[in-house]
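S.K.: what follows is a predicted structure for the sequence shown.
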Amino acid sequence: MKKIKITVVGVGNCASSLIQGVEYYKKKNGSEAIGLMHWELGGYVPGDIEIVAAYDIDKRKVNKDLSEAIFAKPNCTKVFCQHIPKGNVTVKMGRILDGVADHMKNYDESTAFIPATKTEATKESVVQTLKESGTEILMNYLPVGSEEAVKFYAECALEARVAFVNNMPVFIASNPLWARRFEEKGIPIIGDDIKSQLGATITHRVLASLFKNRGVTLDHTYQLNTGGNTDFLNMLDRKRLTSKRISKTEAVQSALDHNLDGKDIHIGPSDYIPWLNDNKICFLRMEGRIFGDIPINLEMRLSVEDSPNSAGVGIDAIRCCKVALDRGKGGILFSPSAYFMKHPPRQFPDDTARQMVEDFINGNRED
């Protein structure tokens with residue numbers, strides 16, 4: 001099969017896990033492929049993905065071969081595929097804008113952002129790279145709160161006419177104005193804010209649906225998340241969390257039969273604990289009432305390596321985008337967005353969204 005050519009923006013832990021996974025599954029066959037929702041999707045397997053360009057703004061990564069940059073500090077995710085062959089992809093200097101929180105410059109070198117000195121990318125230079133590299137899909141892995149930076153790369157995708165997968169909680173696919181622009185140009189887009197394969201939000205949604213389906217009234221719930229990667233360090237700046245909290249909260253609210261009052265639901269990042277590295281720990285509590293108004297409380301603790309947990313979903317999102325490109329389908333991909341993202345343009349129950357994705361893959365749904 002033809003390769004799926006992608007450009008990665010943000011060479012952090014999530015990009016590291018994705019790139020490791022592409023190489024890891026090249027050595028597997030379908031019967032050995034553990035940890036994937038789909039081994040083959042639309043005729044493509046994970047090893048068909050090829051990274052042809054990459055952008056970052058940290059001098060420990062810029063101008064480095066991508067195979068080296070994905071293991072550079074401050075990345076701290078688990079290494080499950082040590083040998084990544086050197087290629088012809090050198091990490092380019094991106095555009096900073098609001099892509100880094102000010103407080104991250106004051107941490108020690110192992111975690112702090114260290115700005116590269118090279119001149120920042122322009123829209124013209126990014127568009128030129130996307131075109132010359134043959135990029136088909138731009139994979140956005142910028143930090144939470146990077147509103148202007150995400151919009152900059154979305155503009156580049158539109159200009160270069162490449163598909164866009166928005167893994168971050170800056171609302172592009174779910175913003176009607178942005179969505180219309182991708183629709184008008186016939187460019188596929190999946191977004192916004194990627195769900196983990198089995199993470200805090202998808203688990204919370206399933207439990208919320210269980211309460212609803214079993215006739216349990218949910219009165220209060222919280223989801224507190226801690227971690228030690230730069231994502232959690234970045235989110236210590238609470239001003240950058242507005243869209244993240246909206247995204248995670250709406251993802252859970254949509255699984256209920258009625259929205260909880262704001263004072264009765266609290267969902268979002270809680271704290272940065274350096275020694276956890278890329279391990280994310282979620283504390284979840286749900287308080288409700290069963291038959292006879294009798295109270296029932298559920299408490300759960302979930303511990304998972306954060307970045308590999310999203311990479312398997314990312315691999316499916318890339319391949320769904322490629323399927324759309326092969327079919328000449330542009331605009332919002334509603335089915336993949338609903339199943340893979342926390343804040344899609346339209347929310348559906350997870351079992352419904354899963355069936356929608358299967359129908360889309362099999363050509364039984366145009367989306």
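M.R.: Nice, I can see it. The shown structure was predicted, so the numbers you read here are calculated from the model rather than taken from an experiment.
S.K.: so where do the helices sit in this protein?
M.R.: 13-26, 66-69, 123-132, 147-160, 176-185, 200-213, 230-234, 242-253, 306-327, 334-340, 350-361 (DSSP state H).
S.K.: pLDDT below threshold where in the chain?
M.R.: Low-confidence segments of the chain (pLDDT under 70): 1.
S.K.: which residue sits farthest out from the middle of it?
M.R.: Centroid-distance maximum for the chain: residue 292 at 41.8 Å, with C-alpha atoms, centre = their mean.
S.K.: residue contacts, that one?
M.R.: By C-beta atoms under 8 Å, 6 or more residues apart in numbering, residue 292 lies in contact with nothing. Where you see a C-beta, it was placed from the backbone N, CA and C, and this is true even at glycine.
S.K.: try the one 4 residues further on
M.R.: By C-beta under 8 Å, 6+ apart, the residues touching residue 296 are 216, 287-290.
S.K.: 10 Å - rerun?
M.R.: 211, 214, 216-219, 286-290 (C-beta atoms under 10 Å, 6 or more residues apart in numbering).
S.K.: just the buried subset of the residues you listed, please.
M.R.: Among the contacts of residue 296, the ones that count as buried by 16 or more other C-beta atoms under 10 Å are 211, 216, 218-219, 286-288.
S.K.: beta partners of the residue nearest to residue 321 when sequence neighbours are not counted?
M.R.: With C-beta to C-beta, 6 or more residues apart in numbering as the criterion, residue 321 has its nearest non-adjacent residue at 4.4 Å, and that residue is residue 163. Judged by DSSP bridges, the bridge partners of residue 163 are residue 137.
S.K.: now swap in residue 9 and tell me
M.R.: residue 55, residue 140.
S.K.: residue 302 pairs with what?
M.R.: residue 282.
S.K.: relative to residue 160, how far out is it?
M.R.: Remark: distance between residue 302 and residue 160 (C-beta to C-beta, to the nearest Å) = 39 Å.
S.K.: more neighbours: which of those two?
M.R.: residue 160 (20 against 17; other C-beta atoms under 10 Å).
S.K.: that one against residue 154, yeah?
M.R.: No: using C-beta atoms under 10 Å, residue 160 is not in contact with residue 154, being 11.0 Å away.
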